[in-house]
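A.B. asks: Show me how the following folds:
(one chain, ligands or ions: 1)
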Amino acid sequence: RQHGKCYIGGSPLPPGPPWPRLPLLGNLLYRCPTIASLVDALRRLHADYGPVVTLWAGSKPAIFIAGRDAAHRTLARAGATFAHRPPSWSFGLNGHGVNSAQYGGRWSLLRRNLSSHLAGAPLAGALQSSLSRLVSSLERAAAAAENHVVVPSEMLRHAVFSFFASLCFGEGAAEDVLRQLRGVHAEILSLVIELGAFHLMPALLEVACYFPKCRKLSNAQKRHHATVMALISARRQRNRDGVGAGRRRCYVDTLMELRLRDEEMVSLCWEFMNAASKTTSTALEWIMARLVLHQEVQRKLREDIARRGEGDENGNCTANGERRSPFLEAVVLEALRRHPPAHYLLAHTTDKDAHLDGYLIPKGSVVNYGVADIGRDATSWTNPDEFLPERFLEGGEGYGVSVTAGSGSGEVSMKMMPFGSGRRACPGAAIALTVLKSFVENLVTRFEWTPVGAVDMEEKPGLVTEMRTPLRTCLVVRPHVQLNM
Ligand code: HEM
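C.D. replies: Sure thing, here's the model as predicted:
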């Protein structure tokens, strides 16, 4: 098909639609609702022009990569070139985060700090308390509901948020403070999304709407700052007083040791809670929806968990997820392949010109990747739209596939990348997998999850792709068993 045929310095850019510069697209690619609104258009463009296409973000080319080989060659093999982030309009809060840091010394320090905190964090206590509160609230909701029909989404989200809050701020934050923090997070995100969409409006309307929203955003950010600073100060005071000496360190402790300014700490706490909880809780809801839809998978999973438990001397699994059922891992991976919470990565850019399949990727282009397309690629996966956890068991086509490095079992290409790949790959991948396995294991052991009518598996595109209709299920409490962390 004919395309815009753009050349820079005599080298062709990857193909794209004949309208080379659509003014509306300026900035589209940095922002959440707009990238979501591009999803269908991008699918059609990839079908017409192949796995690598060019659009324009204002005056800069924006290159979208939906092919696993091209993704692997850029993110994994040419990792340093593609590890940069374009400057973005962050509305303040995200300004000091790991994800917004330019690839270099500061990024490396902050990222190492986060990764080593996550790697060393003892999880059992935090998992135990958030899971037992979740199980109690699900039990109460099911008992109070007609025919035990519940919509668990809000409870799942709160439990995941509380778990990550204890890793971030330490255990013991009051329930009302956590609810307040969650509320202000949701408020800020929705305002940022609305503000990001304003460039689609006529200019006058834009100006009329922009300033009141900005004022609201600034107020919400001030409330967020005050809540987080109160949590940080409480932690500082506890450390000074030696309260709970020897207890496990939280993320805030590590930030205090780095001697960061208040606004840097607040920004990093915002990033931690934001990056961790919405993605993980969205993945959890998709997994539970799949288990409701595929009752035979749920049964098989419960049986496999019970079999593993018998071999374990305490009847328990370890805090870090060892000795868990391989089928549990397979269910989680299949859900992440089929329903990755992020359908695109955060925007990448390059620090120099690069070449891909004979095309030029000019220095400073915005580069992004079709995560969902890569996980549903029919050249990698048999019946890619079907939910078949068995493919991740030994001997299956997904066995040994790595979710971050992009290659497993000696493969040179990547088959799925729900957490990204290469230098900017998600530093929370391992802990997210552990949390998901622990939650799913306990939720299917404690309850039977059965469907109430049809389960709507449609997606609601966004920065994180949630279920269009929150899961509704009938919950039957099973005979009491001990929680497995
Ligand atoms: C199911 C859960 C999660 C999913 C699907 C997910 C997915 C992603 C993706 C796709 C990226 C972008 C990678 C790129 O641009 O190349 C990312 C980056 C990031 N994630 Fe996650 N994530 C999850 C959980 C977490 C958790 C638990 C944390 C931390 C506690 C976290 C912290 C981050 C940070 C800090 C970045 C930016 C990394 C950088 O720029 O160097 N994420 N994540």
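A.B. asks: and the nearest residue to Asn368 once chain neighbours are set aside, what are its bridge partners?
C.D. replies: Closest residue to Asn368 in three dimensions, ignoring its sequence neighbours and counting by CB to CB, 6 or more residues apart in numbering: Tyr344, at 5.1 Å. No exception for glycine: its C-beta is placed from N, CA and C like everyone else's. Here Tyr344 shows beta-bridge partners Gly370, assigned using DSSP bridges.
A.B. asks: How many neighbouring residues does Tyr344 have?
C.D. replies: Applying other CB atoms under 10 Å, we find 24 residues neighbouring Tyr344.
A.B. asks: For the ligand, see how far away it is.
C.D. replies: When CB to the nearest ligand atom, to the nearest Å is applied, the distance between Tyr344 and the ligand equals 8 Å.
A.B. asks: For the remainder of this discussion, apply numbering that starts at 834.
C.D. replies: Sure thing, new numbering starts at 834, so read that last one as Tyr1177.
A.B. asks: Wait, that residue touches Tyr1202, no?
C.D. replies: Yes - the pair formed by Tyr1177 and Tyr1202 meets the contact definition of CB atoms under 8 Å, at 6.5 Å.
A.B. asks: okay, and the common contacts of those two?
C.D. replies: Among the neighbours of Tyr1177, none is also in contact with Tyr1202 (CB atoms under 8 Å, 6 or more residues apart in numbering).
A.B. asks: For the stretch 934-1083 of the chain, which residues are neighbours of the ligand?
C.D. replies: Of all the residues in the stretch 934-1083 of the chain, those in contact range of the ligand (CB under 6 Å from any ligand atom) are Arg944, Leu947, Leu951.
A.B. asks: Chain neighbours aside, what residue packs nearest to the closest residue to the ligand within the chain?
C.D. replies: Sorted by distance to the ligand under CB to the nearest ligand atom, the residues of the chain start with Gly1261, at 2.1 Å. Closest residue in space to Gly1261, ignoring its immediate chain neighbours: Ala1109 at 5.6 Å, by CB to CB, 6+ apart.
A.B. asks: continuing past the helix or strand encompassing that neighbour, what's the next helix or strand?
C.D. replies: Assigning secondary structure by DSSP states H and E places Ala1109 in helix 1095-1126. Remark: after helix 1095-1126, the chain's next helix or strand is helix 1128-1143, criterion DSSP H and E.
A.B. asks: Run through the helices of this protein in chain order.
C.D. replies: With DSSP state H as the definition, the chain shows helices at residue ranges 865-870, 872-882, 901-904, 938-953, 957-977, 986-1002, 1008-1030, 1036-1074, 1084-1090, 1095-1126, 1128-1143, 1159-1171, 1204-1208, 1262-1279.
A.B. asks: With mean pLDDT, distance to Leu1189 and mean neighbour count added, can I get those in TSV?
C.D. replies: Converted to TSV, the helices of the chain look like this (pLDDT from 0 to 100; distance: least, CB to CB, whole Å; neighbours: other CB atoms under 10 Å):
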stretch	mean pLDDT	distance to Leu1189	mean neighbour count
helix 865-870	54	21	18
helix 872-882	85	14	15
helix 901-904	92	6	22
helix 938-953	96	24	15
helix 957-977	94	42	17
helix 986-1002	97	37	23
helix 1008-1030	85	29	17
helix 1036-1074	83	36	15
helix 1084-1090	96	37	19
helix 1095-1126	96	28	22
helix 1128-1143	88	39	16
helix 1159-1171	96	25	23
helix 1204-1208	94	15	25
helix 1262-1279	95	25	22
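A.B. asks: Thr1306: which of those helices is closest?
C.D. replies: Put simply, out of the helices of the chain the one that sits nearest Thr1306 is helix 1095-1126, at 5.0 Å, with distance taken as CB to CB.
A.B. asks: Can you confirm whether the closest one lies near the ligand?
C.D. replies: Yes - looking at helix 1095-1126 against the ligand by CB under 6 Å from any ligand atom, the contacts come from Glu1104, Phe1105, Ala1108, Ala1109, Thr1112, Thr1113, Ala1116.
A.B. asks: got a list of what the most centrally placed residue in the chain touches?
C.D. replies: In the chain, the residue lying closest to the centroid (CA atoms, centre = their mean) is Thr1112, at 3.3 Å. Neighbour list for Thr1112: Pro1174, Ala1175, Ala1265, Val1297 [criterion: CB under 8 Å, 6+ apart].
A.B. asks: Read off the pLDDT value for the first one.
C.D. replies: If you check Pro1174, the pLDDT there is 97.
A.B. asks: measure it to Gly1255 for me?
C.D. replies: When CB to CB, to the nearest Å is applied, the distance between Pro1174 and Gly1255 equals 19 Å.
A.B. asks: circling back: would you point out the most distant pair within the residues of helix 1095-1126 next to the ligand?
C.D. replies: For the residues of helix 1095-1126 next to the ligand, the maximum inter-member distance is 18.3 Å, found between Glu1104 and Ala1116 (CB to CB).
A.B. asks: ok, the closest residue in space to Val1288 that isn't next to it in sequence to Gly938 distance?
C.D. replies: Nearest-residue entry for Val1288: Leu1126, 4.5 Å, with adjacent residues in sequence omitted and distances by CB to CB, 6+ apart. Per CB to CB, Leu1126 is found 47 Å from Gly938.
A.B. asks: who's Thr887 bridged to?
C.D. replies: Judged by DSSP bridges, the bridge partners of Thr887 are Ile896.
A.B. asks: Surely it and Pro845 touch.
C.D. replies: No - the criterion here is CB under 8 Å, and Thr887 misses it with Pro845 at 9.6 Å.
A.B. asks: okay, the two: which has more neighbours?
C.D. replies: Thr887 (25 against 14).
A.B. asks: can you tell me how far the residue lying farthest from the centre of the chain sits from Leu1193?
C.D. replies: Within the chain, Gly843 marks the point farthest from the mean C-alpha position, 39.1 Å out by CA atoms, centre = their mean. Distance, Gly843 to Leu1193, using CB to CB: 9 Å.
A.B. asks: thinking Leu1269 is in contact with Glu1118, fair?
C.D. replies: No - checked against CB under 8 Å, the pair Leu1269 and Glu1118 is beyond contact range at 10.8 Å.
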